[in-house]
Every structure is written in structure tokens, then in C-alpha cells.
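# Mind folding the following:
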Amino acid sequence: MKIVHVETLLRCGPYAASAHWARTRRSIHKSVRRCAWPPGSHTFTIYPQSGKKRGEGNGVGPIKNEFIKELRKQDWTVEGAAKNRLGQELGRFDAVLPGPEGPVVVEWETGNVSSSHRSMNKRTMLVSDGIIAAGTLVVPSRKLYVYLTDRIGNYEELEPYLTLWRSVPCKSGVLEIVVIEQDAESYGVPRIPKGPSGRAKG
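Okay, the predicted model is just below:
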């Protein structure tokens, strides 16, 4: 899997310049790049079929599962909860890593673009309030998106709102979007299976 762009929306205060964040960011990017298809290969090759019609295109869940598996090897808590200073739970995330200035949370988008907006709004609020030290959202590029479950969250549809998220006050923390893309396309690989309920599950 390729990372074709990293959009840094918030980068402020001591945590953004810390060794812990540098290591954590490398961990996230390494886990993205380790995602491969078909399983057992060393690259990510997508079956180039549009996902607009029911029963066609590729699912998203198996890709995310490979990413989460890699993070688990690096001591992230999978499906972990972020809590505020009073111990109140603020929701669950795909993976959470404790840090010296609060948890780092990461999510791999498998829902529609509305889900991506909700995720970004929540993550932005948590960084701005100093509740999490960093938040990362992984989304497909347009080049990958066209072969996935229709209406899956993607970077191009988030782009018009980047200025809004950048404008949020921040004392210390990081907010990033990691944009991913296939290494190759081929009709010689199997389609990535979708979830049991089709389009919604990806």
C-alpha cells in the first residue's frame, strides 16, 4: 500500500515536536505500508472494478484488518477507548496508544463520507481540548476510491473542509489525514470481499 499524501491540519505545542510523536507517526505509516493484497503478497494490487453497482467493486474491511493487525504487534490497543482527565469515556477508536500528553488515536475509514466528517469533527475537538495528543484518519485517494464500496469516505470529498479544521485553536497536539492508494491494478487478483450487508459494511 502506498501513502500518497499526508495532510497535517494541526501541529502545535511540545507534543508535535516530541520523540514520542515521531515514533508513533512512523508506526502508523509503517502499518499502512504493510497492507497487501492478495494476502501473502508484498504489494497492494486492486481488482479494477467500479464499486458503484451492488455486488461489484472491492470491500474495505479486510484492508483495515491488516492495518489493525500491524498496529497490534506494536502494542496499540485495538478498539480502544479515549478518556478525558476525569476518566470519562469519549468513544472508541480503531486503535489507541497511550502517550505522555494523552492518548494517540487512529481510525481507518470504512464508512461513507458523512462518517468521515463526523470522525474528523470529533478528532478535531479532542485535539483542541487537549484530551488526545494526536488523531489520525486513514482514507483512500480518488484513484483507489473508485474501486471500493460506493460512497466510502475519501480525501477529495474532505478537501473543501480542511480550512475549517485548520482554524480550530490548538495548544499542543497533532491532527492528520493519511491518504492511501494501491500499488497496482490487475484483473488477475481476486476482488476484496465485502461485508455481509453489502455496501454499508464495505
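# Wait, a strand at I132?
No - per DSSP: H, G, I helix; E, B strand; the rest coil, I132 lies outside any strand segment and is coil.
# What is the burial count for it?
By other CB atoms under 10 Å, 28 other residues sit near I132. Yep, even glycine has a C-beta here, placed from its N, CA and C like the rest.
# was I right about it contacting V174?
No - checked against CB atoms under 8 Å, the pair I132 and V174 is beyond contact range at 9.4 Å.
# Show me what the helix or strand hosting V139 is packed up against.
For V139, the host element (DSSP states H and E) is strand 134-140. The contact analysis (3 or more CB pairs under 8 Å, 6 or more residues apart in numbering; DSSP states H and E) places strand 134-140 against helix 19-33, strand 104-108, helix 113-128, helix 155-158, strand 173-181.
# Give the pairing partners of that strand; include direction for each.
strand 104-108 (parallel), strand 173-181 (parallel) (DSSP bridges).
# Look up how far S128 lies from K122.
11 Å (CB to CB, to the nearest Å).
# Number of residues surrounding K122?
With other CB under 10 Å as criterion, K122 counts 18.
# tell me the pLDDT at the residue nearest to it when sequence neighbours are not counted?
Spatial nearest neighbour of K122, chain neighbours left out: G91 (6.8 Å); criterion: CB to CB, 6 or more residues apart in numbering. Reported pLDDT at G91 in the predicted model: 72.
# I'd assumed G91 was in a strand, is it?
Yes - assessed by three-state DSSP, G91 belongs to a strand.
# quick one: it and R123 touch, right?
No - look at G91 against R123 with CB under 8 Å: they stay out of range, at 10.0 Å.
# Brilliant, that's me finished.
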